[in-house]
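Q: Next come a sequence and a model predicted from it.
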Amino acid sequence: QLQLVESGGGLVQPGGSLRLSCAASGFTLDAYAIGWFRQAPGKEREGVSCISSLGRTVYVDSVKGRFTISRDNTKNTVYLQMNSLKPEDTATYYCTTVKPSVFKGCMFSQTDLGSWGQGTQVTVSS
C-alpha cells in the first residue's frame, strides 16, 4: 500500500493559519494525485482538496478562497495551507492517493492502493 504521513496540525484561534504536510513513505508521489480529507467527530470523512500529478487543484466549496493545496515533488511532499480558519474546520485531517479525473484533474476517491494514516488533528477554538 501507498503510505503517507500527515503532520502540522494543532490548536489555532479562529482566523488563524496552519500548514499541513503530507509526506510519502517508501515511494515517490510525483506520479500520483493526492487528496486531503477530514473527519470531524460524529461526521463522515469528507474530501477537502486534491491536486493532480500535473498540479491541477480541486477544493470543496467550504474551503475555497481559504485553503491552498500545493506539492513539492523534490521533497516528496504535498501541503495544505489553511488560512482564515473557522471552528467548523476542526477535524482530523488525512491525506491519501486519489484517482485522477479527466475533467478536473483529481477526484475525492481513494486509489485501490491508497491507505489511511493516523491523520493530524486541527482544532480551531478561542
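A: On my side now, so go ahead. Numbers count the residues shown, from 1 in each chain.

Q: Near the residue lying closest to Ala31 once chain neighbours are set aside, how many other residues are there?
A: Of all residues not flanking Ala31 in the chain, Ser53 sits nearest, at 5.5 Å (C-beta to C-beta, 6 or more residues apart in numbering). Glycine gets a C-beta too; all of them are placed from N, C-alpha and C. Per other C-beta atoms under 10 Å, the neighbour tally for Ser53 reads 16.

Q: Tell me if Ser53 really is in a strand.
A: No. The assignment for Ser53, made by DSSP: H, G, I helix; E, B strand; the rest coil, is coil rather than a strand.

Q: For the nearest residue in space to Tyr94 that is not next to it in sequence, give its distance to Leu85.
A: Of all residues not flanking Tyr94 in the chain, Gly119 sits nearest, at 4.5 Å (C-beta to C-beta, 6+ apart). Plainly put, Gly119 is 17 Å away from Leu85 if you go by C-beta to C-beta, to the nearest Å.

Q: how about the residue nearest to the spatial centre of the chain, what does it touch?
A: Centroid check for the chain by C-alpha atoms, centre = their mean gives Trp36 as the closest residue, at 2.1 Å. Trp36 makes contact with 20, 22, 47-50, 69, 78, 80, 93-95, according to C-beta atoms under 8 Å, 6 or more residues apart in numbering.

Q: Tell me which stretches of this structure form strands.
A: 3-7, 10-12, 18-25, 33-39, 46-51, 57-59, 67-72, 77-82, 91-101, 105-110, 120-124 (DSSP state E).

Q: Report the angle between the first one and strand 120-124.
A: So that's strand 3-7. If you take axes from the mean of the first three to the mean of the last three C-alpha atoms, to 10 degrees, strand 3-7 sits at 30 degrees to strand 120-124.

Q: Direction included, what does strand 3-7 pair up with?
A: Partners of strand 3-7 in the sheet, by DSSP bridges, are strand 18-25 (antiparallel).

Q: Might you report the residue contacts of Gly105?
A: Contacts of Gly105 by C-beta under 8 Å, 6+ apart are 33, 50-52, 54, 56-58.

Q: now it, which residues is it bridged with?
A: Beta-bridge pairing for Gly105 (DSSP bridges): Ser101.

Q: State the distance from it to Val58.
A: With C-beta to C-beta as the criterion, Gly105 and Val58 are 7 Å apart.
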